[in-house]
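Colleague: can't give you the sequence, but here's the structure:
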């Protein structure tokens, strides 16, 4: 609040000095953050991704990595602990492929990045895939002296090609975008990263005063912008009132509702504007995606079972279905397999996308989704004959 009073006591002719003193990061701090992020960029540029069935024997390479957001446009605030990256991949030849294989690419990058020695030396941790529009790979690394920074990585289709100029893209780009957006109309903004170079260059080449203004607006938002009130209605029950950031994924709102009401599964939610058709809220979107920025009322329709079905492929080629909770340990699935097939859990080895699953890690950590297939084999050190069911 003291900084806010300082701002309101600053005359317009001295705003540049205020920004330089209080909001603009020091050159040393910024260079230290970018030095740590450079290790991520180097890993992405040098790594090749292959061996997945959906790649159809082609090699996926990172064509270019760019910094977007405040670090990309040169409008970062002092103490900013988040850096956003967009990686353009060779395996995305159009918008449809980007949308279809986006999650698979994230899993593939996550599988590779967790063994990168340079990033492990920087204290790589909290590696996860965050659902959103679009979904992103998120992790934390440590700088030399500053606070840990969070890196958000989004793979994208390089629609603008190798050279990005200030002139408008060819008209066909917008034709393809409109067609693809029509197919994925429930996820507005899903193809935005493909145009991030245009967005970045537009701000980056603007006068310093405009960047100072953007920093002031960000500072004001952090100081004064309030979460919005969301009233959750459910027939026959008292209303539940929550304070929500409109830009957070709706899945987080559903989790809060589930915990507050003691529900077993995630709820389905609907929203209706005055005079408009009622629509079901997608977990992948935010309230802002639906144009909701102020206090509103939503309806809890029903709850969805939290369990998912996975298929376990045995050494003999057969496959059996098991019901698991995303937050249950891998060991729980092994115990189910032992009960049904007689294959002792301590002798089992489960693999998903080439990664060996650890007993005391939850299924959600590996981003295992409904109907995914897990491979079962005998641990190399085990010498007990497998009992076929």
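Modeller: Ah, there it is. Source: prediction; values computed, not measured.
Colleague: so what does the helix or strand where residue 138 lies touch, helix or strand wise?
Modeller: Following DSSP states H and E, the helix or strand that holds residue 138 is strand 136-141. The elements that strand 136-141 packs onto, with contact taken as 3 or more C-beta pairs under 8 Å, 6 or more residues apart in numbering; DSSP states H and E, are helix 27-46, helix 95-113, strand 125-130, strand 149-156. To be clear about C-beta, it is placed using only N, CA and C from the backbone, and glycine gets the same treatment.
Colleague: got the angle between the shortest one and helix 95-113?
Modeller: Pointing back at strand 125-130 there. Strand 125-130 runs at 160 degrees relative to helix 95-113, counting by axes from the mean of the first three to the mean of the last three C-alpha atoms, to 10 degrees.
Colleague: show me what strand 125-130 is packed up against.
Modeller: Using 3+ C-beta pairs under 8 Å, 6+ apart as the contact test, the elements touching strand 125-130 are helix 95-113, strand 136-141.
Colleague: care to break this protein down by domain?
Modeller: According to the domain assignment given by automatic domain parsing, the chain is divided into the following structural domains: 2-221, 228-304, 308-378.
Colleague: for those, give me a markdown table that also has mean neighbour count.
Modeller: Converted to a markdown table, those look like this (neighbours: other C-beta atoms under 10 Å):
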| stretch | mean neighbour count |
| --- | --- |
| domain 2-221 | 16 |
| domain 228-304 | 15 |
| domain 308-378 | 16 |
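Colleague: how about the ones you listed in CSV, adding mean pLDDT?
Modeller: What follows is the domains of the chain, written out as CSV (pLDDT from 0 to 100):
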stretch, mean pLDDT
domain 2-221, 83
domain 228-304, 83
domain 308-378, 87
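Colleague: in CSV: the helices and strands packed on strand 136-141, plus distance to residue 264.
Modeller: Shown next, in CSV, are the helices and strands packed on strand 136-141 (distance: least, C-beta to C-beta, whole Å):
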stretch, distance to residue 264
helix 27-46, 39
helix 95-113, 26
strand 125-130, 23
strand 149-156, 31
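Colleague: follow-up on the earlier one: partner strands of the strand holding residue 138, with direction?
Modeller: For strand 136-141, sheet partners with direction are given as strand 125-130 (antiparallel), strand 149-156 (antiparallel), following DSSP bridges.
Colleague: centre of the chain to that strand, how far?
Modeller: In terms of C-alpha atoms, centre = their mean, to the nearest Å, the gap separating the centre of strand 136-141 from the centre of its chain is 8 Å.
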